[in-house]
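Asker: heads up, no residue letters with this:
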């Protein structure tokens with residue numbers, strides 16, 4: 001676990017013989033990890049480590065493979081196969097702390113993580129919070145299609161006099177729907193559909209581009225613009241100070257000195 005985690009952070013590193021049945025993986029110029037040679041060879045046989053040769057020096061390089069990362073994540077999740085695909089963090093919602101969130105579930109969370117050639121994240125934290133707020137109203141408003149009977153206490157049953165049962169939404173759900181509709185009206189019809197697809201229905205950007213017949217990588221740019229408009233709706237800028245007229249004057253008016 002320690003070796004695979006170290007290689008995940010450093011990439012391909014040189015491997016040398018450490019003597020006494022050990023090998024040394026040189027992570028940096030001043031840091032190295034010593035590993036039993038038998039254990040190192042076992043990880044190579046299992047496909048957890050990939051070996052290659054340095055083009056310039058010919059030294060053996062070792063790097064962690066996708067299978068090795070998958071095994072490490074699954075082991076850290078307690079051996080759960082579904083856990084290897086999650087990125088679980090602790091969060092607080094509506095003042096309630098200690099809640100568990102799977103960041104790999106939302107396309108926005110992946111775009112808000114630093115990395116890639118740009119170094120920074122494509123989406124800012126304000127964009128992520130705005131998208132999650134829209135999704136929260138979508139879920140609380142129970143706008144997703146239901147395929148079975150719901151026993152959610154957010155719904156209330158009113159029989160209308162007992163003649164015929166009817167299931168109505170609670171006040172909380174109605175308020176969430178109203179907030180959801182106001183948010184989509186604020187960003188406009190050109191961006192509302194994209195926000196609903198990505199933030200609420202959790203569609204990937206490639207699927208959005210395919211369904212809308214957009215050019216490749218265009219949804220990423222449009223999504224950022226849509227989230228900026230959504231964040232401006234949730235956090236409007238302060239109004240400008242009113243400008244007062246001080247004096248009326250003609251074209252030849254000059255103030256006294």
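Answerer: Cool, got the structure. Since the model is a prediction, treat every value here as computed from it, not as a measurement.
Asker: tell me which residues of the helix or strand encompassing residue 224 are tucked away?
Answerer: Assigned by DSSP states H and E, residue 224 belongs to helix 218-234. Burial within helix 218-234, assessed by neighbour count using 16 or more other CB atoms under 10 Å, is assigned to 219, 222-223, 226-231, 233. C-beta here means a position set from N, CA and C on the backbone, and glycine is covered the same way.
Asker: Let me see the residues that make contact with that helix.
Answerer: 108, 111, 122-123, 126-127, 129-131, 133-134, 182-183, 186-188, 191, 194-195, 198, 205-206, 208-209, 212, 214 (CB atoms under 8 Å, 6 or more residues apart in numbering).
Asker: average pLDDT for it?
Answerer: The average pLDDT within helix 218-234 is 93.
Asker: and what of stretch 40-49?
Answerer: In this model, stretch 40-49 has a mean pLDDT of 87.
Asker: Give me the distance from that stretch to the chain's centre.
Answerer: 32 Å (CA atoms, centre = their mean, to the nearest Å).
Asker: What are the contacting residues of that stretch?
Answerer: Taking CB under 8 Å, 6+ apart as the rule, stretch 40-49 contacts 3-4, 7, 15, 23, 51, 62-65, 67-68, 71.
Asker: Give the buried subset of these as a ChimeraX selection command.
Answerer: Here is the ChimeraX command that picks out the buried ones among the contacts of stretch 40-49, judged by 16+ other CB under 10 Å:
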select :3,4,7,15,23,62,64,65,68,71
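Asker: what would the contacts of stretch 40-49 look like in TSV with distance to residue 244?
Answerer: TSV is the format used below for the contacts of stretch 40-49 (distance: CB to CB, whole Å):
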residue	distance to residue 244
3	70
4	68
7	66
15	75
23	78
51	76
62	72
63	68
64	67
65	69
67	71
68	69
71	70
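Asker: Just the ones of the contacts of stretch 40-49 in strands?
Answerer: Using DSSP state E, the subset of these located in strands is 15, 23, 51, 62-64.
Asker: Relative to residue 239, which of these is nearest.
Answerer: residue 64 (53.8 Å; CB to CB).
Asker: got a list of what the nearest residue to that closest one once chain neighbours are set aside touches?
Answerer: Spatial nearest neighbour of residue 64, excluding adjacent residues (CB to CB, 6 or more residues apart in numbering): residue 7 at 4.1 Å. For residue 7, the contacting residues are 13, 25, 49, 62-64, 68, by CB under 8 Å, 6+ apart.
Asker: Please tabulate those residues in a markdown table, including the columns distance to residue 32.
Answerer: As requested, those are exported to a markdown table (distance: CB to CB, whole Å):
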| residue | distance to residue 32 |
| --- | --- |
| 13 | 9 |
| 25 | 6 |
| 49 | 16 |
| 62 | 12 |
| 63 | 16 |
| 64 | 16 |
| 68 | 19 |
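Asker: domains for this structure, by residue range?
Answerer: Split into domains by automatic domain parsing, the chain comes to 2-76, 105-144+167-234.
Asker: Compute the first-to-last residue distance for the first one.
Answerer: What that stands for is domain 2-76. With CA to CA, to the nearest Å as the measure, domain 2-76 spans 12 Å from end to end.
Asker: Touching the helix or strand where residue 139 lies from outside, list them.
Answerer: Per DSSP H and E, residue 139 falls inside helix 125-140. Here helix 125-140 makes contact (CB under 8 Å, 6+ apart) with 93, 106, 108-109, 112, 144, 154, 172-173, 176-177, 179-180, 183, 195-196, 198-200, 224, 227-228, 230-231, 234-235.
Asker: Weed out the non-buried ones from these.
Answerer: Neighbour-count burial (16+ other CB under 10 Å) is assigned, among the contacts of helix 125-140, to 106, 108-109, 112, 173, 176-177, 179-180, 183, 195-196, 198-200, 227-228, 230-231.
Asker: Fine by me, we can end here.
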